[in-house]
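# fold the following.
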Amino acid sequence: IYKDTKAKVMDVLDGSRFLQITTNESSSIHKHRIINYSVLTDDGRSFFWENKEAPLGVLDAELLADHFITTTKAITNNDLTGIGSLITDTCSTMESLWKELGKRNETKHIPMIPCDSHGLQFLMKDLLESYSVLPTWNECTAIVNSLRNSGKQLAFLRDKQMKAYGKHHALIASIITRWGSQYSLIKGFDKSEQALKLLGRRDEAEFSGKETLPNRQFWWRLSDLLRLLEPIHELQKASEDNKAMVSCLWEMAESARPPCQSVRGWKRICRRNVGLSHPRDWSWVQLKNGALGSWLSLYMLQCIFWSH
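The predicted structure is shown next:
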C-alpha cells in the first residue's frame with residue numbers, strides 16, 4: 001500500500017510544472033530534533049513528504065541546506081529547476097538557510113517565502129510585551145488562568161453569563177504554540193464584559209485579579225487592545241487560508257486595515273496602548289517577520305507619526 005501510494009503521489013508531483021516546498025526544524029514533544037517537509041503543487045494540492053530526526057550536531061545553515069537539496073532531489077527526480085519556492089518560518093536559522101541556498105548554483109534560483117502567520121505572531125507578541133500593554137495583558141491572563149483553574153469560581157462566572165446573555169461564553173487561555181489564542185483571550189473578555197464586571201463585585205468570589213474587573217480604565221484599555229490586535233488577527237487567518245497565495249498579499253493587507261473611524265482614531269489607540277511617542281520607540285517591532293507583518297508594522301508607523 002505504501003509503495004502504491006508513493007507512486008501515485010510521485011505521478012501528481014511529476015505532473016506539476018512547479019513545486020512549492022515547505023520545511024521546518026523544531027523539537028517533538030519528546031525533545032527529539034526533527035526536520036519536516038511538505039510539497040504544494042500548481043493546482044493547490046498539498047502533500048506531507050517526511051518527518052525525520054535531525055542529524056547529530058549543530059543544525060546550522062550549511063547542514064540544513066545539504067538536507068534540503070538531498071530531500072528535494074528525491075521529490076523532483078534530481079530536477080531542482082522545478083522548485084518554485086521555499087516556504088519557512090522567520091527564525092534566524094531559516095534566514096541563514098535562505099542566504100546559504102542563495103549562494104549555491106543549484107538553488108540560487110529558488111525564491112524564499114517567509115511564513116506570514118509566523119511573522120504576524122511575532123508582531124503580536126511584540127505588541128503584548130511592550131511596556132504599556134504588558135500590565136493589561138498580565139492582568140487578563142491572570143484572571144483567565146485563575147478562573148479556569150477553579151471550578152467554583154468558574155461556576156460563579158457562568159451563573160452571571162446565563163443571567164446576562166442566556167448562554168455561556170468560554171474564556172480562552174493563551175497558549176504560545178496556538179496562534180490566535182492571544183486575540184481570543186482578549187475577545188473572550190469583550191464577550192463577557194457585563195458578566196465579569198458583576199463577578200468582580202460578588203463577595204463570595206475569590207480569584208486573582210478580581211479587584212481589576214470593576215475598574216473602568218481596565219475595560220477602556222482592553223477595548224483599545226482588542227482593536228489593536230484585530231487587524232493582525234484577521235491577516236493571520238487570511239494567510240493561513242488554503243487558498244492564500246503570494247499574489248493575494250496586497251489584497252489581504254488592504255482588507256485588514258485597522259477598523260477605526262479614522263487614522264486619527266488608530267493613532268490615539270496606539271499612542272495610549274503601546275506608549276509610542278517617537279519612531280525610534282518602534283525598534284522592538286520585528287520588520288523581518290514576513291511581508292504582511294512588515295506591511296502592517298509600517299502602516300501602523302504611518303498612521304501614528306505621519307498621517308493626519
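
# which residues in this structure form helices?
2-14, 61-76, 92-103, 116-128, 134-148, 151-165, 181-191, 193-200, 216-239, 249-255, 263-274, 291-301 (DSSP state H).

# quick one: closest of these to Thr41.
Minimum separation from Thr41 across these (CB to CB) falls at helix 2-14, 6.3 Å. (Glycine included, C-beta is placed from N, CA and C.)

# how far away is the closest residue to Thr107 other than its chain neighbours from Leu80?
Nearest residue to Thr107 in three dimensions, chain neighbours excluded: Leu101, at 4.2 Å (CB to CB, 6 or more residues apart in numbering). Note on Leu101: its distance to Leu80, by CB to CB, to the nearest Å, is 10 Å.

# now swap in Tyr37 and tell me
14 Å.

# could you measure from Leu64 over to Glu95?
For Leu64, the distance to Glu95 - CB to CB - is 11 Å.

# what about the two, which has more around it?
Leu64 (21 against 16; other CB atoms under 10 Å).

# for the closest residue to the more buried one other than its chain neighbours, list the residues it contacts.
With sequence-adjacent residues excluded and distances taken as CB to CB, 6+ apart, Leu64 is closest to Leu97, at 4.9 Å. Leu97 sits next to 61, 64-65, 68, 88 when contact means CB atoms under 8 Å, 6 or more residues apart in numbering.

# if you set the cut-off to 7 Å instead, what comes out?
Applying CB atoms under 7 Å, 6 or more residues apart in numbering to Leu97 gives the contacts 61, 64-65, 88.

# pLDDT value on it, please?
For Leu97, the pLDDT comes out at 88.

# next one: Ser192
90.

# need the outlier residue of this protein, farthest from its centre.
Within the chain, the residue lying farthest from the chain centre (CA atoms, centre = their mean) is Asp203, at 38.9 Å.

# that residue and Ile113: what is the separation?
56 Å.

# with Tyr131 instead?
For Tyr131, the distance to Ile113 - CB to CB - is 33 Å.

# likewise for Ile87?
Between Ile87 and Ile113 the computed distance is 5 Å (CB to CB).

# now swap in Leu86 and tell me
7 Å.

# these two: who's more crowded?
Here Leu86 and Ile113 are compared on neighbour count by other CB under 10 Å; more neighbours surround Leu86, at 21 against 18.

# contacts only, for that one.
Contacts of Leu86 (CB under 7 Å, 6+ apart): 21, 23, 110, 112-113.

# with pLDDT and distance to Arg45 as extra columns, can I get those in a markdown table?
Shown next, in a markdown table, are the contacts of Leu86 (pLDDT from 0 to 100; distance: CB to CB, whole Å):
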| residue | pLDDT | distance to Arg45 |
| --- | --- | --- |
| Ile21 | 89 | 14 |
| Thr23 | 88 | 18 |
| Ile110 | 88 | 20 |
| Met112 | 84 | 22 |
| Ile113 | 81 | 18 |
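
# quick check, Asn24 in contact with Asn36.
Yes: contact status for Asn24 versus Asn36: in contact at 5.7 Å, counting by CB atoms under 7 Å.

# let me see the contact set for the nearest residue to Asp190 once chain neighbours are set aside.
In this structure, Asp190 finds its nearest non-sequential neighbour in Leu226, 5.6 Å apart by CB to CB, 6+ apart. By CB under 7 Å, 6+ apart, Leu226 lies in contact with 186-187, 190.

# let's see 10 Å
183, 186-187, 189-190, 233, 269 (CB atoms under 10 Å, 6 or more residues apart in numbering).

# ok, back up a step: looking at Leu101 and Leu80, which one has more neighbours?
Neighbour count, other CB under 10 Å: between Leu101 and Leu80, Leu101 has more, with 21 against 18.

# quick check, pLDDT for that one.
In this model, Leu101 carries a pLDDT of 90.

# go ahead and confirm it touches Ile69.
Yes: the criterion here is CB atoms under 10 Å, and Leu101 meets it with Ile69 at 8.3 Å.

# overlap in contacts, the two.
With CB under 10 Å, 6+ apart as the test, Leu101 and Ile69 both reach 83, 107.

# can I assume Ser27 is in contact with Ile34?
Yes: shown here, Ser27 and Ile34 form a contact pair, counting by CB under 10 Å, at 7.1 Å.

# more neighbours: the two, which one.
Ranked by neighbour count (other CB under 10 Å), Ser27 and Ile34 place Ile34 first, with 15 against 10.

# which residues touch that one?
24-28, 50-54.

# quick check: bridge partners of it?
Ser26, Glu53 (DSSP bridges).

# that one and Ala155: what is the separation?
42 Å.

# if we can go back for a sec, can you tell which of the helices of the chain is closest to Ala173?
Taking the helices of the chain one by one with CB to CB, helix 134-148 is closest: 5.7 Å.
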